[in-house]
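Provided below for reference: sequence and predicted model.
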Amino acid sequence: MASESEEIVVIPETTTPVNKTVYLIRHAESDENRRLGSLGRIFQGCTSLTRPNKSDFVASIELLNVQAQIDSDVSEVGRRQINQLGARLEEENFVEEKGVQLVAHSPLKRARQTSEGMLRCVTSRPDVTTDEDSTAAGAKANSVSRVVELEILKERTPIEWLPTNYDAFTKRIASFEKWLGEQPEDVIAIVGHSQYFKSMLGLDFKFGNCDVWELQFDGSVPTSHESVRIDEYTGETVEPKQKLTEALKNSLSFAKAKLVKDAKEDADDTKEDSSSPSDFQAENDTAQDISEEVTNIPRGWSQLTRLHTYDGNI
């Protein structure tokens, strides 16, 4: 029993909020995205029997440097995306008005550069110089309590696409959701990657570069690796084969039509279809016209709504 001279100190209990508002932001276009786009244009040129331009050829060759693709800087287009969306968020005082308390980002350069440019938040990297990483000095908006970098937010790696390593990716997603539910903040911004967000939310589309999406997360809903595997969008393993088959059919039809046209002596006798196969895009399944809330998302996630997207016409 405490003596009269001893003070009884009551330590208040801290509670972790169950419901959180989360903002998901995909990184700006990277050099990897740019190179993949160039490779796609070369393939399209092959189907139309046209020679690729020098810049697309050079960019495609750069894809041979696998490590450079895994952790590439944002491209010139990516810098324009960051500048446009960063200015828009700053104009509406997004971070402070939304009450963002915690910012978490992937350790990859394109995500770090996007987080710094759009949210004015990025962790410091004392182990490297600003010549090696332009974001190395770090930054934090005054209204934000914490900025953290999470290895588990990295984009899906090439080896994680292999059947023997597939679980490594979904385990990272499950670990992230567990981490998210344990944080004391209830308004959190996450800067990451398209395939990661798509798989986590079981979507059939990818976020566009620099898209800003708002959604709710209920930390009381159990999360496990098995549940992530079950809820992940399974169409992604089927769609590429279907798209490739369709693209090959279109390409062959277009090439045949071009050869027939070239062989005709009198073009007036033949009605030609001037349409070409659909343009190949590195991100050909990104959200285009989604303005309403997406409701069919798994586990503790709900109320997915896009707030901002890049306008290439500005």
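Here it is on my side, so go on.

shaky segments in the stretch 151-300 of the chain?
Confidence mapping of the stretch 151-300 of the chain against pLDDT under 70 gives the ranges 234-292.

need the strands for it, in chain order.
Here the stretch 151-300 of the chain has its strands, by DSSP state E, counting those that start in this stretch, at 187-192, 212-218.

do you know which of those strands lies nearest residue 78?
strand 187-192 (13.0 Å; C-beta to C-beta). For the C-beta atoms, the positions are set from N, CA and C on the backbone; glycine is no exception.

got the angle for that closest one vs strand 212-218?
120 degrees (axes from the mean of the first three to the mean of the last three C-alpha atoms, to 10 degrees).

pairing partners for strand 187-192, with directions?
On the basis of DSSP bridges, the sheet neighbours of strand 187-192 come out as strand 19-26 (parallel), strand 102-105 (parallel).

mind saving the C-alpha coords of that strand as PDB?
Output of strand 187-192 as PDB, limited to C-alpha atoms (Å, rounded to 0.1, in the frame of the first residue of the first chain):
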ATOM      1  CA  VAL A 187      -5.200   9.900 -41.200                       C
ATOM      2  CA  ILE A 188      -2.400   8.500 -43.300                       C
ATOM      3  CA  ALA A 189      -0.900   9.100 -46.800                       C
ATOM      4  CA  ILE A 190       0.800   6.300 -48.600                       C
ATOM      5  CA  VAL A 191       3.000   6.800 -51.700                       C
ATOM      6  CA  GLY A 192       3.600   3.600 -53.600                       C
END
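
contacting residues around it?
20-27, 95, 98-106, 111, 114-115, 118-119, 121, 153, 155, 180 (C-beta atoms under 8 Å, 6 or more residues apart in numbering).

just the buried ones from those residues, in ChimeraX syntax?
In ChimeraX syntax, the buried subset of the contacts of strand 187-192 is picked out as below (16 or more other C-beta atoms under 10 Å):
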select :20,21,22,23,24,25,26,27,95,98,100,101,102,103,104,105,106,111,114,115,118,119,121,153,155,180
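
now, of the strands of the stretch 151-300 of the chain, which is deepest in the fold?
Per-stretch averages of neighbours, counted by mean count of other C-beta atoms under 10 Å, single out strand 187-192 among these, with a mean of 24.

circling back: I'd like the strands of the stretch 151-300 of the chain written out as TSV, with distance to residue 230 added.
What follows is these, written out as TSV (distance: least, C-beta to C-beta, whole Å):
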stretch	distance to residue 230
strand 187-192	22
strand 212-218	18
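
check the gap between residue 147 and residue 200 for me.
21 Å (C-beta to C-beta, to the nearest Å).
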